[in-house]
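**Q** Structure of the sequence below:
(one chain, ligands or ions: 1)
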Amino acid sequence: MKIRTRLTLLFTLITATILLAFAFVIYFSAVENREKEFYIALKKEAVTKANLFFDAKVDAKTLQDIYRSNRKILNEVEVAIYDKNFNLFYHDAVDIDRVKETPEMIEEIFKNGKMQFYQDDWQVIGMLFDYEGNEYAITATALDEYGYNKLESLYRTIFLVFIISIIIIYIAGRFFSKKAFQPITAMTEKARSISATNLDLRLSSNDSKDELSELANTFNEMLDRLETSFESQKHFVSNISHEMRTPLAAIITELELSINKERNLEEYKTAIQNALSDSRKLARLSNSLLDMAKASYDPSEISFKPIRIDELLLDARQQVIQANPTYQIDINFENNFDNEEEITINGNEYLLKTAFVNLFENGCKFSENKQSTVSISFEKDSIKLKFSDKGIGIPQEDLENIFTPFYRGNNKDFSEGNGIGLPLSKKIIELHQGSISVSSVVSKGTDFIVFLKTV
Ligand code: ADP
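**A** Purely as a prediction, here's the structure:
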């Protein structure tokens, strides 16, 4: 069921309940009032008749005639007067006699002074009347036809008003909920038309700070992020293809030239050397891409464990030196650590080592002296690692782009590479909730500062 229909039904139901409660209160207070008022009217009528009979000495026959003639046009009250010994003093119509008085009943009136009850729909009262020191019991009864008719008409009116109100409320509810949900319907239509091919489309939002324009703005912001991510994915893929195509084309050309005609052994060796170098480049690239993919996993899918940073740096250093024996890497401790925990972080050994290897390699390969140094200092809850070199430095205009995949900057001619090392290192460090920043002076050297949280 649509929210719109649900809201309308809920709104109608709540209003119906309130209206119903309201109608009940009105109807039942009318019922009570009618009953009370009619008992009072009966009492008055009884007293009037007793006065006519006793005080005004109107004779019984006249009173009975009045009663009989009134009965035909209105609901005349039937009155009877008894003394203490159940002797009938006066009766409007003995032959009709609605209330069959009994000695017990008269006795109760004398005892309690009054009584009132229903006989079918007829209301009956019993009361005491004092005349010249003698007490009499009077009973009076009548049917409140007028009152009942009024009640019935009130009931019909309430019922009709209730039904009409509910219909109006339902229609109004549907109309207003449609109006209220119109922007959402428009948003749904627009969102439906947005796909990977037209990610530039945006939901329309107005300047008002209502919830819907907030939703539209949030959705648009999400689309901005998606669009950027899609664009960078596209660039990433085209960069990868480009990076792969160059060494592959070189390998193919080299091998084609070699088999085109007979060559001497030296030439074959050179061709194989070149093909091997290009294949290594490709292998490095695919390894870096694989690591990049791993570092992009959800952190919950990567295994983390406590690792000593100094040991990991030593491993990374060894790996770099093994591959490039001319490189020189120094590890310095800036201050002492008090316990194991200060030098231990919770991390993924393989990924962190990859990041450190990249930073060491960059420091060495972009320096004439092929030297890189890492300084370790222990701070409260974190470890600071400063990877520094006295190399060629990074020009200011390149500094903000060096963490972008495949960006190689002005230094690219100085040394080989694929532009993945730094973005990969950044990704890995951020995966460990750490941070990396760079400061560099051209021809003086570069410092990469990494902060990692300790356990
Ligand atoms: P690669 O080293 O494969 O070119 P990176 O992502 O590791 O790719 O580095 C990106 C760019 O940043 C490099 O091409 C280089 O221009 C610059 N760079 C990184 N580290 C250093 C460094 N220590 N000294 C000078 N330039 C550096």
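
**Q** same for the lowest-mean-pLDDT helix or strand in the chain, what does it pack against?
**A** Lowest on mean pLDDT, DSSP states H and E among the helices and strands of the chain sits helix 60-73, with a mean of 86. Where contact means 3 or more Cβ pairs under 8 Å, 6 or more residues apart in numbering; DSSP states H and E, helix 60-73 is packed against helix 3-54, strand 88-91. Where C-beta positions appear, they are placed from N, C-alpha and C, glycine not excepted.

**Q** what's next to the next helix or strand after that helix, contact-wise?
**A** Downstream of helix 60-73, the next assigned helix or strand under DSSP states H and E is strand 78-82. Here strand 78-82 makes contact (Cβ atoms under 8 Å, 6 or more residues apart in numbering) with 45-46, 49-50, 53, 67, 88-93, 96-99, 101, 106, 129, 136-142.

**Q** still on that earlier bit, just the angle between the least confident helix or strand of the chain and strand 78-82, please?
**A** Angle of helix 60-73 versus strand 78-82, following axes from the mean of the first three to the mean of the last three Cα atoms, to 10 degrees, is 150 degrees.

**Q** before we move on, back to that, deepest in the core, which of the helices and strands packed on helix 60-73 is it.
**A** strand 88-91 (a mean of 17; mean count of other Cβ atoms under 10 Å).

**Q** Buried residues, the next helix or strand after that one. List them.
**A** As assigned by DSSP H and E, the chain's next helix or strand after strand 88-91 is helix 103-112. Within helix 103-112, the residues scored as buried using 16 or more other Cβ atoms under 10 Å are Met105, Ile106, Ile109, Phe110.

**Q** possible to save the residues you listed as TSV with distance to the ligand?
**A** Listed next are the buried residues of helix 103-112 as TSV, based on distance: Cβ to the nearest ligand atom, whole Å:
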residue	distance to the ligand
Met105	112
Ile106	116
Ile109	112
Phe110	115
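
**Q** Redo those residues as a markdown table? Include pLDDT and distance to Ile18.
**A** Converted to a markdown table, the buried residues of helix 103-112 look like this (pLDDT from 0 to 100; distance: Cβ to Cβ, whole Å):
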| residue | pLDDT | distance to Ile18 |
| --- | --- | --- |
| Met105 | 93 | 46 |
| Ile106 | 93 | 50 |
| Ile109 | 95 | 45 |
| Phe110 | 94 | 50 |
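
**Q** Can you mark which positions in stretch 166-173 are buried?
**A** Neighbour-count burial for stretch 166-173, counted by 16+ other Cβ under 10 Å, picks out Ile166, Ile169, Tyr170, Gly173.

**Q** right, and the second one touches Leu9 too?
**A** No - with contact defined as Cβ atoms under 8 Å, Ile169 and Leu9 do not form a contacting pair (10.8 Å).

**Q** Near the ligand, which residues of the protein are found?
**A** Proximity of the chain to the ligand, by Cβ under 6 Å from any ligand atom, involves residues 358, 362-363, 366, 389, 391-394, 398, 402, 407-409, 411-412, 417-423, 446.

**Q** Which residue does this structure have closest to the ligand?
**A** In the chain, the residue that lies nearest the ligand is Gly417 (2.2 Å; Cβ to the nearest ligand atom).

**Q** Name the nearest residue to that residue, ignoring sequence neighbours.
**A** The spatially closest residue to Gly417, leaving aside those adjacent along the chain, is Arg408, at 6.1 Å (Cβ to Cβ, 6 or more residues apart in numbering).

**Q** neighbours around Thr139, how many?
**A** Residues near Thr139, counting by other Cβ atoms under 10 Å, number 23.

**Q** wait, is it part of a strand?
**A** Yes - according to DSSP: H, G, I helix; E, B strand; the rest coil, the state of Thr139 is that of a strand.

**Q** which SS state does Thr373 fall under?
**A** Thr373 is classified as strand under three-state DSSP.

**Q** pretty sure it is in contact with Gln328, am I right?
**A** No - Thr373 is not in contact with Gln328 according to Cβ under 8 Å; the separation is 9.0 Å.

**Q** Can you check which residues contact both of these two?
**A** Residues touching both Thr373 and Gln328 (Cβ under 8 Å, 6+ apart): none.

**Q** show me what contacts Phe117?
**A** Phe117 neighbours (Cβ under 8 Å, 6+ apart): Gln123, Val124.

**Q** Test my guess that the residue nearest to Gly417 contacts Gly419.
**A** Yes - assessed by Cβ under 8 Å, Arg408 is found in contact with Gly419 at 4.4 Å.

**Q** Domains in this structure, by residue range?
**A** In terms of domains, the chain is parsed into 3-150, 211-293, 298-453 (source: automatic domain parsing).

**Q** Return the per-residue confidence for Leu265.
**A** Note for Leu265: predicted pLDDT of 92.

**Q** Run a quick neighbour tally on it.
**A** Leu265: 7 neighbours (other Cβ under 10 Å).

**Q** Tell me how far it lies from Ser258.
**A** 12 Å (Cβ to Cβ, to the nearest Å).

**Q** now swap in Phe448 and tell me
**A** 42 Å.

**Q** These two: which is more packed in?
**A** Taking neighbours as other Cβ under 10 Å, Phe448 and Ser258 compare with Phe448 leading, 25 against 17.

**Q** hang on, that one in a helix?
**A** No - per three-state DSSP, Phe448 lies outside any helix segment and is strand.

**Q** Cheers, nothing more for now.
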